[in-house]
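**Student:** quick one: sequence plus predicted model below, questions after.
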Amino acid sequence: MGASPDTAPGPLAARPDLEDLRARFADRGRVVVPNLLTPAFAAELHACLAGWPRWALVTRVQGRHRDFDAAAMARIPPQDRVELDALIAAEARQGFQYLYERYPLHDVGYEPEPGPPVLDRFRALLREGPLLELARRITGCGDIAFGDGQATRYRNGHFLTLHDDAEPAKRRRVAYVLGLTPDWAADYGGQLQFLGMDGGVEEVVVPRFNTLSLFRVPCPHLVSAVAPFVDASRLSITGWLRAAADP
């Protein structure tokens, strides 16, 4: 399994709180891990994403996933976006919908283009090594074999409506959100919200820098809309920690 995750192997910070994290996850099925990465690696990863030029704006239109070039969409005058915005809003009123920007990092069958070394180092953490071992120890999901991942950027008006991540064929065990946003205020929106059995909000996670949210799949949750006055970006890496496919 490699080095123990509480001895700070590679880019991960030391974990003297491992037993407490394990107990909290066992009790609630979710936990927030503070200071996941070493400060230098977290700062390098944030700098890379903050300056990243190749984002896709993703949403659903008439029941189908759509990708648009985010930079090109930003150049369109608001009056020329009216029809598309109406379709996006109509989809949200009918059920599951999302609007945010993404850049894929790692998945089964996905061959990433050559990129900055810091992204390659994070991709390596999703394939094997101390991050997966840490997740296994915190969650008790011993069959976690790899993680997929995407970098995400939420700007004003972006959101992700209620869903639970259930997709049995993909063998998702745990969802994760690695927060890479410094100085994000609670009233900016963009909060990860967990719902209880009664449909009410049970817990709210405000974006924080270098924190890892882990939660068991399935779990009803959403990302609240980023407020229209916000000119900052909510940056994160998100995905699922998954079991290997049956042979």
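**Tutor:** Ah, there it is.

**Student:** how much space between the residue located most distally from the centre of the chain and Arg64?
**Tutor:** For the chain, the largest distance from the centre (C-alpha atoms, centre = their mean) belongs to Gln79, which lies 31.3 Å off. Plainly put, Gln79 is 25 Å away from Arg64 if you go by C-beta to C-beta, to the nearest Å. The way it works is simple: take the backbone N, C-alpha and C, and place the C-beta from them, glycine included.

**Student:** where does this protein dip in pLDDT?
**Tutor:** 1-10, 246-247 (pLDDT under 70).

**Student:** ok, 80 please
**Tutor:** Residue ranges of the chain with pLDDT under 80: 1-10, 111, 114, 245-247.

**Student:** now do the strands in it.
**Tutor:** 30-33, 56-61, 64-69, 98-106, 144-147, 149-154, 159-163, 172-179, 192-195, 201-205, 211-216, 221-223, 234-243 (DSSP state E).

**Student:** out of the ones you listed, nearest to Ala186?
**Tutor:** strand 201-205 (8.3 Å; C-beta to C-beta).

**Student:** number of residues surrounding Asp183?
**Tutor:** As a burial measure, Asp183 scores 9 neighbours (other C-beta atoms under 10 Å).

**Student:** I misspoke; the intended subject was Ala186.
**Tutor:** 10.

**Student:** that one: what's it in contact with?
**Tutor:** Val206 (C-beta atoms under 8 Å, 6 or more residues apart in numbering).

**Student:** ditto for Leu37
**Tutor:** Counted by C-beta under 8 Å, 6+ apart, Leu37 has contacts 11-13, 45, 210.

**Student:** any idea how far it lies from Leu178?
**Tutor:** Leu37 is 8 Å from Leu178, by C-beta to C-beta.

**Student:** shared neighbours, these two?
**Tutor:** Asn210.

**Student:** what sits against Pro39?
**Tutor:** 13, 210.

**Student:** gap between it and Asn210?
**Tutor:** 8 Å.

**Student:** which residues does the nearest residue to Arg121 once chain neighbours are set aside contact?
**Tutor:** Excluding the flanking residues, the one nearest Arg121 by C-beta to C-beta, 6 or more residues apart in numbering is Pro11, at 6.3 Å. By C-beta under 8 Å, 6+ apart, the contact list for Pro11 reads 37-38, 41, 121, 125.

**Student:** with adjacent residues omitted, what lies nearest to Ala244?
**Tutor:** Using C-beta to C-beta, 6+ apart, the nearest residue to Ala244 is Ala145, at 4.0 Å.

**Student:** I'd say the one you found and Ala243 touch.
**Tutor:** Yes - using C-beta atoms under 8 Å, Ala145 is in contact with Ala243, at 5.7 Å.

**Student:** Leu131: neighbour count?
**Tutor:** Counted with other C-beta under 10 Å, Leu131 comes out at 26.

**Student:** now swap in the one 4 residues further on and tell me
**Tutor:** Residue neighbour count, defined by other C-beta under 10 Å, stands at 22 for Ala135.

**Student:** repeat for Pro16
**Tutor:** Pro16, neighbours per other C-beta under 10 Å, totals 8.

**Student:** repeat that for Arg64.
**Tutor:** Neighbours around Arg64, by other C-beta under 10 Å: 8.

**Student:** again with Gly190
**Tutor:** 27.

**Student:** measure it to Met197 for me?
**Tutor:** Gly190 is 25 Å from Met197, by C-beta to C-beta.

**Student:** repeat for Arg127
**Tutor:** In terms of C-beta to C-beta, Arg127 sits 36 Å off from Met197.

**Student:** neighbour count for the two, which is higher?
**Tutor:** The neighbour count for Arg127 versus Met197, taken as other C-beta under 10 Å, is higher for Arg127 (12 against 7).
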